[in-house]
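Undergrad: sequence and predicted structure below; questions after.
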Amino acid sequence: MGTREDVYQLLEEKMLKYADYAEVPVIEVDEVVLFEPVPAQGVLRVEHHPAERSELTGDTIYVRRPVVDMLYAAGQELKNLDRSLTLKVVYGFRPLEDQTRLFEAAKDVLREQYPNEDELVEAAHRNVAVPSVAGYPTGGAVAVEILRDEQPVDLGTPVMEANRDAFTFSPFVSREAWENRQLLRRAMMAAGFAPFDGEWWHFSYGDKEWARYYRQPGALYDQVAFADAQKVDPDADLAL
């Protein structure tokens, strides 16, 4: 089996890189309303991850309107698998300016280690996605976890914490965590989301990761700055 480091490297080699996404075109769809808040009702629970709070979006989690419907479908699928389970959404839209700031900071940390710019970009991308291919700034990517009887289940690592045991198929987590990850993955993919197996919590629809994973001709959504993100009234009836 090799060392633990060998296993991590094997898992990482199977993940798509920045270069895999860079040439994916964007075939934008025409939407009057771009973003809506995720409703904390029915089969969904919503609580913005505190460490990812943005001054621009506050504690509200925004996503594209189709993603709201897909999250509801995933939550219902999870209930169908086990009535005690509930889907919890902890993150969604990240404005492009925030993504750019985070990526540049990641580059600065690695700059001395990777003097070649192309290698630097690819290395930084492993920690923070290059803005031009990132999913969160499209409003199509989300971070989710599972509750059982309203309490967090074991998923091996904390949600949105940088840790190589967050790789979906890390063999170094408990059997319970492994099985919970597969339940989450099954429910999200049944609703049409693409998984990012570098982070068990990360799923997306309509972005370049989704297009590449499902071999679509292009992404549906481009990255969006906060000022360009049209949003509906947070108190609007989403009729789920």
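TA: In hand now; what should we look at?
Undergrad: now do the buried residues in stretch 96-104.
TA: Within stretch 96-104, the residues that qualify as buried are 96, 98, 99, 100, 102, 103, counting by 16 or more other C-beta atoms under 10 Å. Backbone N, C-alpha and C define where each C-beta goes, glycine included.
Undergrad: pretty sure residue 22 contacts residue 132?
TA: Yes: counting by C-beta atoms under 8 Å, residue 22 does reach residue 132; the two are 7.4 Å apart.
Undergrad: which one of the two has more residues nearby?
TA: The residue with more neighbours, out of residue 22 and residue 132, is residue 132; 17 against 13, by other C-beta atoms under 10 Å.
Undergrad: report the contact partners of that one.
TA: Counting by C-beta atoms under 8 Å, 6 or more residues apart in numbering, residue 132 touches 22, 223.
Undergrad: returning to that earlier point: dump the buried residues of stretch 96-104 into a markdown table; add pLDDT and distance to residue 185 as well.
TA: Below are those laid out as a markdown table (pLDDT from 0 to 100; distance: C-beta to C-beta, whole Å):
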| residue | pLDDT | distance to residue 185 |
| --- | --- | --- |
| 96 | 94 | 28 |
| 98 | 93 | 27 |
| 99 | 95 | 24 |
| 100 | 96 | 29 |
| 102 | 94 | 25 |
| 103 | 95 | 26 |
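Undergrad: residue nearest the middle of this protein, spatially speaking?
TA: residue 202 (3.1 Å; C-alpha atoms, centre = their mean).
Undergrad: measure that one to residue 168 for me?
TA: From residue 202 over to residue 168 the distance is 9 Å, taken as C-beta to C-beta, to the nearest Å.
Undergrad: got it, and residue 112?
TA: Counting by C-beta to C-beta, the separation of residue 112 from residue 168 is 31 Å.
Undergrad: picking that back up, okay, and the common contacts of residue 202 and residue 168?
TA: Counting by C-beta under 8 Å, 6+ apart, the shared contacts of residue 202 and residue 168 are residue 195.
Undergrad: okay, helices next: where are they in the protein?
TA: Counting by DSSP state H, the chain has helices at residues 4-13, 18-22, 65-81, 96-110, 117-125, 175-190, 208-213.
Undergrad: adding distance to residue 163, write the ones you listed out as a markdown table.
TA: Listed next are the helices of the chain as a markdown table, based on distance: least, C-beta to C-beta, whole Å:
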| stretch | distance to residue 163 |
| --- | --- |
| helix 4-13 | 11 |
| helix 18-22 | 21 |
| helix 65-81 | 24 |
| helix 96-110 | 16 |
| helix 117-125 | 17 |
| helix 175-190 | 12 |
| helix 208-213 | 20 |
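Undergrad: check those for me and report the most buried one.
TA: Ranked by mean neighbour count, the helices of the chain are led by helix 208-213 with a mean of 24 (mean count of other C-beta atoms under 10 Å).
Undergrad: contacts for that helix next, please.
TA: Residues contacting helix 208-213 (C-beta under 8 Å, 6+ apart): 16, 20-21, 24, 26, 133, 135, 140-141, 193-196, 204, 216-220.
Undergrad: try it again at 10 Å.
TA: By C-beta atoms under 10 Å, 6 or more residues apart in numbering, the list of residues contacting helix 208-213 from outside reads 16, 20-27, 129, 132-135, 138, 140-141, 189, 192-197, 202-205, 207, 216-223.
Undergrad: residue 112 and residue 168: which is more packed in?
TA: Neighbour tally, residue 112 and residue 168, criterion other C-beta under 10 Å: the higher count belongs to residue 168, 22 against 8.
Undergrad: no further questions, thank you.
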